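1. take a look and give me a structure for this.
(one chain, ligands or ions: 2)
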Amino acid sequence: MSKTIHVAVGVIEDAHGRIFISRRHQQQHQGGKWEFPGGKVEPGESVHQALCRELQEECNITVQDCAPLTVIEHQYDDKRVRLDVWWVQRFTGEAKQLEGQEWRWVEKHQLDAFQFPDANRAIIERILMTAQNYQ
Ligand SMILES: Nc1nc2c([nH]c(=O)n2[C@@H]2O[C@H](COP(=O)(O)OP(=O)(O)OP(=O)(O)O)[C@@H](O)[C@H]2O)c(=O)[nH]1
Ligand SMILES: [Mg+2]
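-> Ligands and ions are numbered 1, 2, ... in the order given. Next comes the predicted model:
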């Protein structure tokens, strides 16, 4: 069996409490589905470093403040992933997608209306739970 792919994932929240999502390119793993931005942790990098690098490269933002939200391990038919998910509540720069993917800000309660990879179910539950606790 192939080894687990370690991924840094950002749940980016704006001042209105909305979350940034983008749509994976068709040819990518889980293509066509929506995702939270992020990518593979490179050798020698901490997860935090990977998160900051990926969000700069993919979404044009510099992370100022973030906190670990949850870690999800998921086995797909073809690969196993460990998603290290961080909540990003402070950043500079105007968030947008730099890699040609469709993107948008969505209200937390609207997240359920989008099709995400299976591993993301647990992330969305966590977002909704945490959001409730802070209201
Ligand atoms: N970025 C991201 N990846 C996710 C999410 N959910 C999920 O299962 N994954 C999986 O995590 C893996 C790594 O993500 P990625 O393709 O963004 O990695 P990357 O940016 O380094 O891209 P590349 O190496 O393909 O260029 C993929 O297999 C992807 O399907 C998610 O919400 N965001
Ligand atoms: Mg990526």
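2. any buried residues in the lowest-mean-pLDDT helix or strand in the chain, and which?
-> Within the chain, confidence by mean pLDDT, DSSP states H and E is lowest for helix 120-133 among all helices and strands, at a mean of 90. By 16 or more other CB atoms under 10 Å, the buried positions in helix 120-133 come out as 120, 122, 123, 124, 126, 127. Backbone N, C-alpha and C define where each C-beta goes, glycine included.
3. so the fifth one versus residue 57, what's the distance?
-> If you measure residue 126 against residue 57 using CB to CB, to the nearest Å, the figure is 25 Å.
4. try the second one
-> Distance of residue 122 to residue 57, computed by CB to CB: 25 Å.
5. centre of the chain to the least confident helix or strand of the chain, how far?
-> 13 Å (CA atoms, centre = their mean, to the nearest Å).
6. only C-alpha atoms, please: export that helix in CSV.
-> What follows is helix 120-133, C-alpha atoms only, in CSV (Å, rounded to 0.1, in the frame of the first residue of the first chain):
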residue,chain,number,x,y,z
ASN,A,120,-14.1,16.9,3.9
ARG,A,121,-17.4,15.8,5.5
ALA,A,122,-15.7,15.7,8.9
ILE,A,123,-14.0,19.1,8.3
ILE,A,124,-17.3,20.8,7.5
GLU,A,125,-19.0,19.2,10.6
ARG,A,126,-16.1,20.6,12.6
ILE,A,127,-16.5,24.1,11.1
LEU,A,128,-20.2,24.2,11.8
MET,A,129,-19.7,22.9,15.4
THR,A,130,-17.0,25.5,16.1
ALA,A,131,-19.1,28.3,14.6
GLN,A,132,-22.0,27.4,16.8
ASN,A,133,-19.9,27.5,19.9
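7. ok, the most centrally placed residue in the chain - contacts?
-> Centroid-nearest residue in the chain: residue 36, 2.7 Å away (criterion: CA atoms, centre = their mean). Residues near residue 36 by CB atoms under 8 Å, 6 or more residues apart in numbering: 9, 10, 11, 12, 19, 20, 21, 85, 120, 123.
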